[in-house]
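# Okay, sequence plus prediction incoming.
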Amino acid sequence: MTDRPVHRASLTSREALLFEAGIKLGGVFHQYLGIPVSARTVPSLVRAIEDALRLQPFVRAARVRIDVRRGGPVGRGRFAYRYLTAEMLDVTVTLEDEGVEVEARLAHRPDLNYVLMSVEQVRRRARRARSPTKR
């Protein structure tokens, strides 16, 4: 991605991507919780979070799901909304650099009664062979 190393410590691409995935998911977790949300506003909030994630270095893909049914009570009339809680979020981010791909996820784990950030997959992607130049 750059001629100069991004991290000062000597890290493999795999280690650096795992670190970056945690930072990105932690950012979503801490930045968006508490924002007002309703069934009507979920699609635009999902797009905003995905678009923001995709702007960041190394991010190849982002998928956000919000389940507003997992929230607290809804008010009435103009107060008919919930605020975004961690239990509503299911976020997957895929990062790639130097032939390494990392997929990480932020999701509520009912068995733990906890919202957990986890590494779903780490893959080494085959590098594309350069096509020979015609002479």
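Cool, the structure landed.

# Run through the bridge partners of residue 90.
Beta bridges link residue 90 to residue 65, residue 107 when assigned by DSSP bridges.

# What are the boundaries of the strands in the chain?
36-37, 59-66, 82-83, 89-97, 100-109, 114-124 (DSSP state E).

# how far away is the residue nearest the centre of the chain from residue 49?
Centroid-nearest residue in the chain: residue 93, 3.6 Å away (criterion: CA atoms, centre = their mean). Taking CB to CB, to the nearest Å as the measure, residue 93 falls 10 Å from residue 49. From N, CA and C alone the C-beta is placed, and that goes for glycine too.

# Find the residues that touch each one of those two.
Shared contacts of residue 93 and residue 49, defined by CB atoms under 8 Å, 6 or more residues apart in numbering, comprise residue 62.

# Once you drop chain neighbours, what's closest to residue 104?
residue 21 (3.7 Å; CB to CB, 6 or more residues apart in numbering).

# Contacts only, for that neighbour.
By CB under 8 Å, 6+ apart, the residues touching residue 21 are 93, 95, 102, 104, 119.
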